[in-house]
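Asks: sequence and predicted structure are below.
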Amino acid sequence: MSSSPLNLSYEMVLERLGIRPISHFSHSRESLSPQERLKQVQFQAKHFVEDFKMVNQQVEYLETFDLISVPYLVRSAFGNATSLLNPYLYQTTRLMVIQFNTDAGTKTLLFSPCDITGNVETPHFQNMRRPFGRLKDLLQPIIAPVHNTVEEIISRIGLKPEDIDFICYDHLHTQDLRKWLGSFEKPAYFPNAKLLVMHQEWETVKDLLPIQRNWHCPFGVEGIDPNKVIPLHSSILLGDSLALIHTPGYTQGSQSLVANTENGLLVCSHNGISVDNYSPEYSTIYGLADFAKEHDMAVIPNGAQPELRLDQYISMVLEKTIADPHPDDPRFSYIMPSSELSARWQPFALAPTLSFGEVKFGEITVDRDALDATSLEFETPPSYLKLEREPLRS
């Protein structure tokens, strides 16, 4: 695949990590016409799929694990397309563990590793807990049940914290990253991990406006060593089986994960919380199909106040263009929400037409014979390009 015209030092750092920038989507949103932007994104997405599938390398291992189920406003998830007597539905946030081959060795990536204890300090969650007063901790297992923690999962599947090479998220709302990457106050739980984040997202989270703070964990990135962060200036390939695609809309720096699996191209995103957001015309959720038909909507974006609503719509169409048909029902796209709509005990609960649940491909590899990589030196690199020596897997 072609590379973006980035400076040499940046490309060399990415190459050392087994990453290559791609230029498929670099100029696809420049037109002032929304329809033209949509057409350009679809065109570039088809070319990306052709190139990606031509290599035809699958991820070595991919597995998801339920972390926590939390209430979420129906209006946020589906806008005006449906409503309930109970204004809340439930969404389950999942951790995805992926291993993939690169020219720099086999790498392990965690997608959406949530620090449940740290994230609860986000004002949005504190506002939801406040009405319960002193009972909030007692009611926690009922209101927001925790299924697993990241630490438990990593240990259970046979990995150690130092085995993790990368962590990344679809966006940084509610995330406290200090536990995983370290801060002034404590060492990193994942000592070798680097954060892969679109530079728009990273610059935003460091300098929030008041209207953004409700959805961000206070001090969630404070004191993190900049050497632990790789701000991305384009969509990227991780080896030949995995990609991070910039999909702005929910936030300016939203990104979507694309994995080549035995079932085809799987996309993971937070632009929708169910397959119903992406194929509303086939949805069994009350009102969605009629709403989509009436308003000629190809997708129904998730989010009450997305920063870039038009771009989010275009990004969801991009995701649909990349994803293969769902293996269980080809009417739907193979797009797995990072936080998925899940029916729970409350009356009149919403349920997705088709649910992913927890999935698994391949078997995990645990390699204890790691070799030190030769460090690279650059002429006056930016602070975030000053990399440490880290192990590569043989």
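Replies: Received the coordinates, thanks.

Asks: looking at this structure, which residue lies furthest from center?
Replies: Largest separation from the mean C-alpha position in the chain: R134, at 33.8 Å (C-alpha atoms, centre = their mean).

Asks: so how far is the longest helix along the chain from its chain's centroid?
Replies: Longest helix of the chain, by residue count under DSSP state H: helix 34-55. Centroid displacement of helix 34-55 relative to its chain, using C-alpha atoms, centre = their mean, to the nearest Å, is 20 Å.

Asks: ok, residues contacting that helix?
Replies: 1, 22, 24-25, 27-31, 240-241, 243, 245, 258, 260, 265, 310, 313-315, 317-318, 321-322 (C-beta atoms under 8 Å, 6 or more residues apart in numbering). For glycine as for every other residue, the C-beta is placed from the backbone atoms N, C-alpha and C.

Asks: in this protein, which residue is most central in space?
Replies: D170 (2.5 Å).

Asks: contacts only, for the spatially closest residue to it that is not a sequence neighbour.
Replies: Nearest residue to D170, sequence neighbours excluded (C-beta to C-beta, 6 or more residues apart in numbering): H270, at 4.2 Å. Contact analysis of H270 by C-beta under 8 Å, 6+ apart lists 170-171, 250, 254, 302, 337-339.

Asks: rerun at 7 Å
Replies: For H270, the contact set (C-beta atoms under 7 Å, 6 or more residues apart in numbering) comprises 170-171, 250, 302, 337-339.

Asks: so which pair among these is furthest apart in space?
Replies: H171 and P337 (12.8 Å; C-beta to C-beta).

Asks: picking up where we left off before, out of the contacts of H270, which are inside strands?
Replies: Applying DSSP state E to the contacts of H270, the entries found in strands are 337, 339.

Asks: return the member of the contacts of H270 nearest to T82.
Replies: Distances from T82 to those, taken by C-beta to C-beta, are shortest for N302, at 12.8 Å.

Asks: I'd say the closest one and D276 touch.
Replies: No. Using C-beta atoms under 7 Å, N302 is not in contact with D276; the gap is 10.3 Å.

Asks: more crowded one of those two?
Replies: Set side by side, N302 and D276 show more neighbours around D276, with 29 against 26, by other C-beta atoms under 10 Å.

Asks: quick one: residues contacting the closest residue to that one other than its chain neighbours.
Replies: Leaving out its chain neighbours, the residue that sits closest to D276 by C-beta to C-beta, 6+ apart is S283, at 4.0 Å. Taking C-beta under 7 Å, 6+ apart, we find S283 in contact with 276, 289, 353.

Asks: do that again at 10 Å, thanks
Replies: 78, 81-82, 274-277, 289-292, 300, 332, 352-354 (C-beta atoms under 10 Å, 6 or more residues apart in numbering).

Asks: ditto for F291
Replies: Contacts of F291 (C-beta under 10 Å, 6+ apart): 78-82, 280-281, 283, 285, 297, 300.

Asks: okay, now the unreliable bits of the chain?
Replies: Low-confidence segments of the chain (pLDDT under 70): 1-8, 304-307, 345-349, 368-394.

Asks: partner strands of the longest strand along the chain and their direction?
Replies: Across the chain, the longest stretch assigned as strand under DSSP E is strand 88-102. Each strand paired with strand 88-102, and its direction, by DSSP bridges: strand 61-73 (antiparallel), strand 105-111 (antiparallel), strand 339-341 (antiparallel).

Asks: among the ones you listed, which comes closest to I230?
Replies: strand 105-111 (12.2 Å).

Asks: buried set for the next helix or strand after the closest one?
Replies: Once strand 105-111 ends, the next helix or strand along the chain (criterion: DSSP states H and E) is helix 116-119. In terms of neighbour count (16 or more other C-beta atoms under 10 Å), helix 116-119 has its buried residues at 116, 118-119.

Asks: send the alpha carbons of helix 116-119 over as CSV?
Replies: The C-alpha coordinates for helix 116-119 follow below in CSV (Å, rounded to 0.1, in the frame of the first residue of the first chain):
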residue,chain,number,x,y,z
ILE,A,116,-13.2,0.9,35.4
THR,A,117,-12.2,2.4,38.7
GLY,A,118,-10.5,5.5,37.1
ASN,A,119,-13.1,6.1,34.5
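
Asks: what helices or strands is that helix leaning on?
Replies: strand 61-73, helix 178-181 (3 or more C-beta pairs under 10 Å, 6 or more residues apart in numbering; DSSP states H and E).

Asks: how about residues contacting that helix?
Replies: Outside helix 116-119, the residues that reach it (C-beta under 10 Å, 6+ apart) are 67-68, 70, 93, 125, 144, 146, 148-150, 173-180, 217-220.

Asks: thinking again about what came up before, which neighbours do N302 and D276 have in common?
Replies: 77-78, 341.

Asks: turn these into JSON lines, columns for distance to S9.
Replies: Listed next are the shared contacts of N302 and D276 as JSON lines, based on distance: C-beta to C-beta, whole Å:
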{"residue": "A77", "distance to S9": "42"}
{"residue": "F78", "distance to S9": "45"}
{"residue": "L341", "distance to S9": "43"}
